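**Q** Task: produce atomic coordinates for the following.
(8 chains)
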Protein chains: 8
Amino acid sequence: MQLTVYLAGQIHDDWRKEVEQKSKEKGLPLTFVGPQTNHDRSDNVGEDILGEQPDKLYKDDAASDINNFRTQVLMKKSDIVIALFGDKYKQWNTAMDASTAIAMNIPTIIVRPDSLIHPLKELSNKANVTVETIDQAIEVISYIYE
Amino acid sequence: MQLTVYLAGQIHDDWRKEVEQKSKEKGLPLTFVGPQTNHDRSDNVGEDILGEQPDKLYKDDAASDINNFRTQVLMKKSDIVIALFGDKYKQWNTAMDASTAIAMNIPTIIVRPDSLIHPLKELSNKANVTVETIDQAIEVISYIYE
Amino acid sequence: MQLTVYLAGQIHDDWRKEVEQKSKEKGLPLTFVGPQTNHDRSDNVGEDILGEQPDKLYKDDAASDINNFRTQVLMKKSDIVIALFGDKYKQWNTAMDASTAIAMNIPTIIVRPDSLIHPLKELSNKANVTVETIDQAIEVISYIYE
Amino acid sequence: MQLTVYLAGQIHDDWRKEVEQKSKEKGLPLTFVGPQTNHDRSDNVGEDILGEQPDKLYKDDAASDINNFRTQVLMKKSDIVIALFGDKYKQWNTAMDASTAIAMNIPTIIVRPDSLIHPLKELSNKANVTVETIDQAIEVISYIYE
Amino acid sequence: MQLTVYLAGQIHDDWRKEVEQKSKEKGLPLTFVGPQTNHDRSDNVGEDILGEQPDKLYKDDAASDINNFRTQVLMKKSDIVIALFGDKYKQWNTAMDASTAIAMNIPTIIVRPDSLIHPLKELSNKANVTVETIDQAIEVISYIYE
Amino acid sequence: MQLTVYLAGQIHDDWRKEVEQKSKEKGLPLTFVGPQTNHDRSDNVGEDILGEQPDKLYKDDAASDINNFRTQVLMKKSDIVIALFGDKYKQWNTAMDASTAIAMNIPTIIVRPDSLIHPLKELSNKANVTVETIDQAIEVISYIYE
Amino acid sequence: MQLTVYLAGQIHDDWRKEVEQKSKEKGLPLTFVGPQTNHDRSDNVGEDILGEQPDKLYKDDAASDINNFRTQVLMKKSDIVIALFGDKYKQWNTAMDASTAIAMNIPTIIVRPDSLIHPLKELSNKANVTVETIDQAIEVISYIYE
Amino acid sequence: MQLTVYLAGQIHDDWRKEVEQKSKEKGLPLTFVGPQTNHDRSDNVGEDILGEQPDKLYKDDAASDINNFRTQVLMKKSDIVIALFGDKYKQWNTAMDASTAIAMNIPTIIVRPDSLIHPLKELSNKANVTVETIDQAIEVISYIYE
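**A** Alright, predicted model coming up:
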């Protein structure tokens, strides 16, 4: 059974490649989707497509129009969401994507370091499973196929 | 027309009282609900009711069971959500509450300082209105009654 | 049985007062809600609350944030929508409100002159009832109480 | 990932072919659906299938039965809606289709000229993205595949 | 706890009065709603409000616009549906109202004579309870208050 | 685009074969599903599988358990419902299936002879299209592919 | 804020009275609803209303028609469900009511003794809060009003 | 038409293999999914993936996080649920899965021995069909393909 997994979270390092690589090694029949991972492109896409905006507020709003469009299309196609939180950045996008997935009844795994237990406690509690590493998240999905 | 407003956001200062006071001064027929605002009680409610937990992870999970229960009961009764973000704290709860409200089709106002435009851009874009001050949020609600 | 009626349509003349007056004369237990009917206020509310915007596009977008917020709050409280179309103006707001109401399963009456039969044919077909006059719309609602 | 796109809007010129051609040039894996684009057939389909109707009102209502049937079947199969507004015609069908898509949680792009900013402001505000040209709309969809 | 009951079924005799009278005698806190019970008014309401129609088909369609409007408004307010079938008439309206209520998750009681067991078997099977007399239907509702 | 069509209606003659044959001749990419068309099997399936029942009421209820199970599985897979009414039989099943489809937002075509205009008027009014012949129903579906 | 609480669970002792009494002592503005607590009446209500049934299977099915009708009416009115499990009885009704409430997005508290941790683990995990005593369940609800 | 069937119920014997084998013999185009059937793995999966837990309560809760994740993913893919109850074990999981399926509008068959008629009466009443043997359950599904 082929499943589609949305990978929500920061776009500053290569964690999605790690998820994809490790899933492939386990032979899991998964298709991965997610946000734009080129950070500059993600920030600039509003101006790239719609033209120059008056200032940062409007530039950001134009970019988020298109980023949210992408997320909505792809999340509606997804069977599972993995939402990864790290030590850096505000990561409200990640909290938004995880919360939206939960509200849409899409099974959701949160990956977060030990240090974030307290501030994430209510969101962790609403998600299906909270783990600390990418390996654990893949094991949880792998369990579906046992 | 009496409306119920859920006030999502941090519980470290008195901002909810300010909202309530200013709404009262304008004579708006609003009922306000929200999370537990006693910070210690919010953190300890799991152990207070369920007894001592093995460590911080479990203490936090027990508390969030009960905090999420409260939020779900009250948000389902709400016609409007105001979600306030400030400069401090992780505030993933606030992002979770705002995202859940939006997914539930509850009209949502975000209040955030200028400095948070960029990290909140996708969530602001999904909310109905984003403002910078409590006064502006109240003006938006007041507009319903004009 | 008290019912709430959302009055969608242009805000350039007094048609809502006529609806309210005639309903009152018939003793119908109806509460009426609707958009901001002060046209300048409706156009300027974004700048009034959020401050000056860079140009007309942004001024309009700021106003529509708040107008849509108002409509969403009030339409969710409504049992019936009357959507009135006239000979003037684009009236895409009216088409949007009627279509949204129909998608939300709120019974909807369209009022339109004879001259608009053709361009409104698909929307009329999806609404519950299409009439030509306000008096007829009130008769349709009055029929619930017979 | 193959996606289906509903192309809502007027049927007086060849804009849909342009969308399809340009998407093909970019190699996007899209399937396009939309309304009947033969204008006479669209207007006459009620009488074509159901027989002669008493007058224009009934002819139009018979046609819209069948046009709405087609739209409902195809929109339920669609992942994305592009709604194009131009300078001519009432285009309430387009507003209806865009509003219905938004209410059904289908990501929606509006294409409209500069001149229509003001009358479309509330609908633009509810859509995911508003652009001015077909090329921009395709760029927005193309962004999903980056 | 005050409950609202929609009384679906034929409008050729006084069965609704019997339901109301017997419920009153038992002191049940029920509000009853239902279709127009003046048969001529129900058949003519389209022409009464919208004016003369070209022939019977259009007269019937105009009336059903308004009858369906009434039913939709009132059924959305109802906590329970009683659908009564008798030996006479086609009663497809009654089957439609009961099926719609079941699809809307409104608890539904069917009242039908012994002679209709076979043709109603699938609908009875989907309803919550099927009884043979009005007294039994009232006993079922009365049981909620024990 | 392959579509699935549920054929609701009586099972006393071969009308489904006619629909399938004529659709095939037109080259329409349709999959047809529907109820059990062997009348004896449909009536007896409860006892066939569950064993002898105490009397006709229980025999019918056992059969309808399984007939409704079949219908629910297949209708959830369907993009379109055709509901055919004829001069004979009670046909409450057909009214139930059409009403359920409409409540599930599945586009629905009713086929009925002229003689049934009046008793079917409210259901026809809620369906997308009402026609008099199987040929017309196929033309309506065929129109999707033009 | 007045809230309605459905009390799911066995009907062999007085635990509901204890909940009501203790809530009253705390001054909580709660309305309690629940199943028929007269065990004989609950088992016999099918035959009481519908007449003698062929054997125990049919007697039970007739009773459950009416018990499920009652539960559906009352649970749709409820803001909170408390589901109490004890050491005795199969209690599949209780599991059914709790699971249905959770699927309906009604906040749910499970009360169960220590000895039932293992067999209830998946259901506890889906509920909002699991406690061991009635006092704890009331404290959880009381927390909403702090 | 390929259908997916979720097999809910105890994991102490080989009943799922029997269902699969017998379906295969009948040539039914079914895909079967279900919970983890290795009992130790099911109980230990929480600790297997998340590490040692403080005591049995937390071990069970960790396991159920992951078991519920699996069930939610697979049930959303299912067209039919078979829920088998036997004489042993609490089987609240089975009641939970059947109730959740019914609330999600997934057609559900209950298999239970004669001895469980009474305690399962309300759940049987809400399911589509209740049978006593696996052979009967397969016959019910087989009937869809006749």
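**Q** What's the per-residue pLDDT of A:Tyr89 here?
**A** Looking at A:Tyr89, its pLDDT is 86.
**Q** these two touch, right, it and B:His118?
**A** No: using C-beta atoms under 8 Å, A:Tyr89 makes no contact with B:His118, being 10.6 Å away. Every C-beta, even on glycine, is put in place using the N, C-alpha and C of the backbone.
**Q** what about the residue in chain A positioned nearest to chain H, how many residues close to it?
**A** Nearest residue of chain A to chain H: A:Asn128, at 4.1 Å (C-beta to the nearest C-beta). A:Asn128 has 25 neighbours, counted by other C-beta atoms under 10 Å in any protein chain shown.
**Q** Check A:Val33 too.
**A** Using other C-beta under 10 Å, A:Val33 has 18 other residues around it.
**Q** show me what contacts A:Phe69?
**A** D:107, D:109, D:128-129, D:140, D:143-144 (C-beta atoms under 8 Å, 6 or more residues apart in numbering or on different chains).
**Q** Counting only helices, which of the residues you listed make the cut?
**A** D:140, D:143-144 (DSSP state H).
**Q** what's across from the closest residue to A:Leu74 other than its chain neighbours in the sheet?
**A** Closest residue to A:Leu74 apart from its sequence neighbours, by C-beta to C-beta, 6 or more residues apart in numbering or on different chains: A:Val33 at 4.3 Å. Under DSSP bridges, the beta-bridge partners of A:Val33 are A:Tyr6.
**Q** Distance check, A:Val33 against D:Leu3.
**A** Look at A:Val33 and D:Leu3: by C-beta to C-beta, to the nearest Å, they are 12 Å apart.
**Q** All the helices of chain A, residue numbers only.
**A** Here chain A has its helices, by DSSP H, at A:15-25, A:39-50, A:56-76, A:92-103, A:121-126, A:134-144.
**Q** And stretch A:18-34, what's buried?
**A** The neighbour-count check on stretch A:18-34 (16 or more other C-beta atoms under 10 Å in any protein chain shown) flags A:19-20, A:22-23, A:28, A:30, A:32-34 as buried.
**Q** Which one of those is nearest to F:Asp97?
**A** A:Val33 (37.2 Å; C-beta to C-beta).
**Q** Run a quick check on the closest one versus A:Ala8, I expect a contact.
**A** No: contact between A:Val33 and A:Ala8 fails when scored by C-beta under 8 Å: they sit 10.2 Å apart.
**Q** In contact with the residue lying farthest from the centre of chain A, which residues?
**A** Distance from the centre of chain A peaks at A:Pro54, with 29.7 Å (C-alpha atoms, centre = their mean). A:Pro54 sits next to C:54-55, C:58 when contact means C-beta under 8 Å, 6+ apart.
**Q** for A:Thr37, same thing?
**A** A:11, A:16.
**Q** What pLDDT does the model give it?
**A** Note on A:Thr37: pLDDT of 96.
**Q** residue in chain A nearest to chain C?
**A** Closest point on chain A to chain C, by C-beta to the nearest C-beta, is A:Pro54, at 3.5 Å.
**Q** Could you tell me which residues make contact with A:Leu30?
**A** A:Leu30 neighbours (C-beta under 8 Å, 6+ apart): A:2-5, A:23, A:141.
**Q** Give me the pLDDT for it.
**A** Value for A:Leu30, per-residue pLDDT: 98.
**Q** ditto for A:His12
**A** The predicted local confidence for A:His12 is 88.
**Q** Name the nearest residue to it, sequence neighbours excluded.
**A** Using C-beta to C-beta, 6+ apart and skipping the chain neighbours, the partner closest in space to A:His12 is A:His39 (6.6 Å).
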